[in-house]
Each structure stands twice: as C-alpha cells, then as structure tokens.
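Chemist: would you be able to build a 3D model of this:
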Amino acid sequence: MQPINTALCSYGMSGHVFHAPFISTNPNFNFYGVFERTKNEAEKHYPNIKTFKSLEAMLSDDNIELVVVNTPNVTHFEFAKKVIEAGKHIVVEKPFTTTVTEAEELINLAQEKNVTLSVYHNRRYDSDFLTIKQVLSENLIGELVEAEFHFDRFDPQLSYKTHKETPTAGVGSLYDLGSHLIDQALQLFGMPEALFADLDIYRPNSKVGDYFDVKLFYPTYRVILKSSYFVREPLPGSILHGRKGSFIKSRADVQEKDLQAEKKPNSNHWGIEPETERGLLHTEKDGKIIKEHIPTAIGNYMIYYNGIFDAIRNNKAVPVTPEDGMIVIKIIEAALKSNEEKKVVNL
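Modeler: From the prediction side, this is the model:
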C-alpha cells in the first residue's frame, strides 16, 4: 500500500524528537517535507526532505497527504484551519486548541472537508500509563478510592523559547503538561462530575503558570493531577489507592529520553523500562496480603502513527479523536475558571 507523504509544520523539539523519528522509520509513511521559514535543520538529519519557506507553499504541494501541526500552542487553531481548508489530513500536537470554541470549529470544518483529524496525545502509550490501565482492568487494588498523578520537574529557569514564557492563550504548564495528565485521567476514569483547581507561578520573573493542583470529583473517588517545576527529588508519578490495596509507580517511560539521545523507535528493546522502575503493588489476593513489584508494560508511541495510517488508508477510527482533544480543553477551561473564582466548578 502507498506510504503516506507527510509534512511537519515546524522542526523544533516536537518535530525532531516526537514526530520525525516515527514518520521516518515507519514504512507506512514517507517523511516528505517540513516548513522552516529561516532554517534548514531537518535537512541535516533527513537529506532527502523538502524544505518549504512558507506554509502556503507546503499546503499547495499536491503530493502531501498528511500534515502535522506542531507549532506553538497559540497557533494551533490558525495553522490547523489552513491545513484542513487545503484538504490535507491532519494531526494536531496537544493541546488541540486553546479554547473549546476553536476545537468545535476545527471538528466541524474537518467533517465538511472530509479529512482525517486527530490530536497527538502520545502519553497514552507511555509504559507507566499502560501498566496502570492493566492494574485497574485486572482489579488488583479493588474499588478505587483515590488516584494521584504527577508530572513534576526541577527547572526553575525560564525557557529560552520565548513563546513558552509569553502570557498568551494556551501557555503555561496546565496546557503543556496538564493536557497529558488530563487526557490520561479521562481515558482511565471518564468525565468527572466537577473539579477544583489551584494554579500558581513560582519561578522568579515568570509570567506564566508553572504549578497546578487539580482535583477531579467522581461519584465514589477522587483523582488528583499535580505538577511543579520545583521538585528536585522525584515523587512517584502515579499513586493509586483502592479498597483492597495500593499501587505506586514512578514516571519512568524511557521513550522521550531515548529519542533525545537520537535512538530510533525501530531499535531493539524500544520502550522497555529498567526493572528497577517496576511499580509496587501492595494488596490482598486470594485472602492473602501481598507486596510485590510487578512487570511494567512496554511503551510505544509508534502505536499512534500505526493508528493514523489505518485511519487514512483503511477507514478505521483515529487513535485519538478530536472530540477527546476538545474535552481536555474543556477541563482546562474549567480549571482556569475554578482557580479564578476559588470554587468547585461543575462539569
């Protein structure tokens, strides 16, 4: 079957680390082009690639079937709208858009133009997340009481990427890191009934949010999502407590680190965590109390791109629907409102 000619809208970290390695090593895709207005960075790694100096020039190339919008968050809507209007299939980097209104417009436009639209929520394919799904599906800790998920860093300095530190729509850790945790929570537990959010700024001279603590209210349990840039000693990435026991797991998926080290996703042992990072299960099984480390699932972001190929060539469902991406933005908007009004917001 004919590979899908694919182009990226930028070649910064997102393009270089999270997209190009998967597109270029998957035989179902042909890494055809990239939009770089002033540089030719992609050509250094992919000599056969075509570099476009304007978005319009790239979108006018009839050879391109799929475009990845991996530009700064605030530009997602503008770029995505132009891609869809050009009749190209499209993957939009998370967060999908900055508002629910923008997301709804893109979904309707994609349906009108009959193009495939998906959002790149790659953290669904992290090893720790896949392990948690397994723990819950096998009911290893009993009925859930509380779950807490962290995406922490120790990074008190402002980013050299000015667009990440300029207080515009879609900027801040709630959009960048929070969108990962929110999507994972929605995949595990569905839509919450309500939420309460505490958002803040702690880095000196920062003008954008770098801390969040969001509590999601479900009928019989609570889910807490947290992130801070001042966590030098890593906390467990996932803490789950049920009526039979607990499961504690580090955030230790190796894919981002390996991609930054220029390792290719088609290499042996891809996505396999060190055994030292196995999660701790302390629970009751067959009337006995057990405390043991359990094997970690294998992470693989390539599953996402395999799903995109099937959606375009075989008319199957996309791996992440645009509606899923929109619901993440709905949660973010509710969290912003909750923080501003200092109250619980019903969903």
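Chemist: my guess is residue 125 contacts residue 299. True?
Modeler: Yes: using C-beta atoms under 8 Å as the test, residue 125 is close enough to residue 299 to be in contact (5.7 Å). In this view, the C-beta of every residue, glycine as well, is placed from N, C-alpha and C.
Chemist: neighbour-wise, which of the two wins?
Modeler: Just comparing residue 125 and residue 299: by other C-beta atoms under 10 Å the higher neighbour count belongs to residue 299, 26 against 21.
Chemist: pLDDT-wise, which helix or strand of this structure ranks last?
Modeler: Confidence across the helices and strands of the chain bottoms out at helix 162-165, with a mean of 89, counting by mean pLDDT, DSSP states H and E.
Chemist: I'd like to know how far the closest residue in space to residue 52 that isn't next to it in sequence sits from residue 28.
Modeler: Excluding the flanking residues, the one nearest residue 52 by C-beta to C-beta, 6 or more residues apart in numbering is residue 58, at 3.9 Å. Counting by C-beta to C-beta, to the nearest Å, the gap between residue 58 and residue 28 amounts to 21 Å.
Chemist: which one's more surrounded, the two?
Modeler: In this comparison of residue 58 against residue 28, neighbours counted by other C-beta under 10 Å, the higher total goes to residue 58 at 24 against 17.
Chemist: so what touches the least confident helix or strand of the chain?
Modeler: 72, 74, 158-159, 171, 176, 206-208 (C-beta atoms under 8 Å, 6 or more residues apart in numbering).
Chemist: sort out for me which of those residues are in helices.
Modeler: The subset of the contacts of helix 162-165 located in helices under the criterion DSSP state H comprises residue 176.
Chemist: and this structure, what are its domains?
Modeler: The chain resolves into domains spanning 4-120, 123-301+331-346 when parsed by automatic domain parsing.
Chemist: for the longest one, measure first residue to last.
Modeler: Terminal residues of domain 123-301+331-346 are spaced 26 Å apart (C-alpha to C-alpha, to the nearest Å).
Chemist: the longest helix in the protein is where?
Modeler: Among the elements of type helix in the chain, defined by DSSP H, the one spanning the most residues is helix 322-341.
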